[in-house]
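[1] What shape does this take:
(one chain, ligands or ions: 1)
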Amino acid sequence: MEAKEINNGILCMANVKFACPKCKKVYSDDKEIYLNRCNKNANGCTKIKCDCGQLFYMTYNYKGDAVSFLP
Ligand SMILES: [Zn+2]
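    Next comes the predicted model:
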């Protein structure tokens, strides 16, 4: 994906942080592990099981920011 594509000559860093909707634990996708998982899925989302036991999904919105949401 083009989350870090040069945009108008300025390197545009996407917000790679997202939080568990339940316990608010913050995840950082700085190694693009989740991004790659999203790209492999047809729906563009990836499922995450948090340490607190909550299942949630995350994806990247049109601005390239990581967002989390419940199923
Ligand atoms: Zn959690």
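[2] Quick check: residue 54 touching residue 21?
    Yes - look at residue 54 against residue 21 with CB atoms under 8 Å: they come within range, at 6.9 Å. For the C-beta atoms, the positions are set from N, CA and C on the backbone; glycine is no exception.
[3] can you list the residues of this structure near the ion?
    Neighbours of the ion within the chain, by CB under 5 Å from the ion: 20, 22, 23, 25, 50, 52, 54.
[4] List only buried entries from these.
    By neighbour count, with 16 or more other CB atoms under 10 Å, the residues of the chain next to the ion hold 20, 50 as buried.
[5] At which residues are the strands of the chain located?
    6-7, 10-11, 17-19, 26-28, 46-49, 55-60, 66-69 (DSSP state E).
[6] Which strands or helices does the fifth one pack on?
    Contacting strand 46-49 under the criterion 3 or more CB pairs under 8 Å, 6 or more residues apart in numbering; DSSP states H and E are the following elements: helix 33-40, strand 55-60.
[7] Residues in contact with the longest one: which ones?
    Helix 33-40 is contacted by residues 1, 3, 16, 27, 29, 44-46, 48, 58-60, 66 when judged by CB atoms under 8 Å, 6 or more residues apart in numbering.
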